[in-house]
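**Q** heads up, no residue letters with this:
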């Protein structure tokens, strides 16, 4: 049962444009969401997070949007840079017995120079 | 400083060998984790230590044996592994609760012959 889904396995974006990565979840108990970036053969690097009490969180070029009613979150990267090429995982956790960090399947982002 | 270190970076072992993976963090985090990641898959949780006590074991085979000697160190002892155990093993830590932001180490690439 995949509780966190990233339906786009890959995405290509022109350098300088906006990259939008999407993530859907099914468990309404999730209350904390994170995005990680991963290069091959390295550990995931934390990028940005959002609590369920917010609908937007911004950090530099990265903005995460949360739509609780749709159980959907997205990561916007603008402007996209070649160094952003990596696999991006969204992850979710919750309280009350559901505190494990559940990862999505990942989206490979390629920035085209 | 959000650094989690792991040694060794690469490990090749036979099915009869005994080896250990090491993880260290100096962020004062009280929760530490082992994950296993296969190619093109998200990280899978194996174990969670909270305040140096094992709090979650995700039904991992006994050939994997975790140990938390103190709040900064986490070991994973390996014995009689199978070729299908070959993967990237990731360590992570978080401030306190499992649902806090987790920071990952670079991983150990394990190959079982």
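**A** On my side now, so go ahead. Since this is a predicted model, take the numbers as computed values, not measurements.

**Q** show me where pLDDT drops low in the chain?
**A** Here I'm looking at chain A. For chain A, the stretches with pLDDT under 70 are A:1, A:95-99.

**Q** Wait, chain B was what I had in mind.
**A** Ranges of chain B meeting pLDDT under 70: B:1-2, B:98-99.

**Q** 80 instead?
**A** B:1-2, B:97-100 (pLDDT under 80).

**Q** can you pull the contacts of residue A:43?
**A** By CB atoms under 8 Å, 6 or more residues apart in numbering or on different chains, the residues touching residue A:43 are B:4, B:6, B:90, B:91, B:92, B:104, B:105, B:106, B:107. Backbone N, C-alpha and C define where each C-beta goes, glycine included.

**Q** how much space between the most centrally placed residue in chain B and chain A?
**A** Nearest residue to the geometric centre of chain B (CA atoms, centre = their mean): residue B:34, 3.0 Å. Going from residue B:34 to chain A by CB to the nearest CB, to the nearest Å gives 12 Å.

**Q** Can you name the residues of chain A that neighbour chain B?
**A** A:31-32, A:34, A:36, A:41-46, A:49, A:89, A:93-95, A:99-101, A:103-106 (CB under 8 Å from any CB of the partner chain).

**Q** Out of the residues you listed, which end up buried?
**A** For those, a burial check counting by 16 or more other CB atoms under 10 Å in any protein chain shown picks out A:31-32, A:34, A:36, A:43-44, A:46, A:49, A:89, A:93-94, A:99-101, A:103-106.

**Q** Which of these fall in strands?
**A** Those of those mapping onto strands are A:31, A:32, A:34, A:36, A:46, A:49, A:89, A:93, A:94, A:103, per DSSP state E.

**Q** Which residue, other than its chain neighbours, is closest to the last one?
**A** Spatial nearest neighbour of residue A:103, chain neighbours left out: residue B:42 (3.6 Å); criterion: CB to CB, 6 or more residues apart in numbering or on different chains.

**Q** can you check the first one too?
**A** Distance criterion CB to CB, 6+ apart; nearest residue to residue A:31, sequence neighbours excluded, is residue A:52 at 4.1 Å.

**Q** wait, the one you found sits on residue A:28?
**A** No - assessed by CB atoms under 8 Å, residue A:52 is found out of contact with residue A:28, at 9.7 Å.

**Q** what does chain B put close to chain A?
**A** Proximity of chain B to chain A, by CB under 8 Å from any CB, involves residues B:2, B:4, B:6, B:40-43, B:45, B:48, B:56, B:88, B:90-92, B:97-99, B:101-107, B:109.

**Q** let's go with 10 Å and repeat that
**A** B:2, B:4, B:6, B:9-10, B:31, B:33, B:35, B:37, B:39-45, B:48, B:50, B:55-56, B:58, B:88-92, B:94, B:97-109 (CB under 10 Å from any CB of the partner chain).

**Q** Kindly provide the distance from the residue nearest to residue A:31 to residue A:16.
**A** 32 Å (CB to CB, to the nearest Å).

**Q** what residues are up against residue A:52?
**A** A:28, A:29, A:30, A:31, A:32, A:33, A:66, A:68, A:92, A:94, A:95 (CB atoms under 10 Å, 6 or more residues apart in numbering or on different chains).

**Q** I appreciate the help and will end here.
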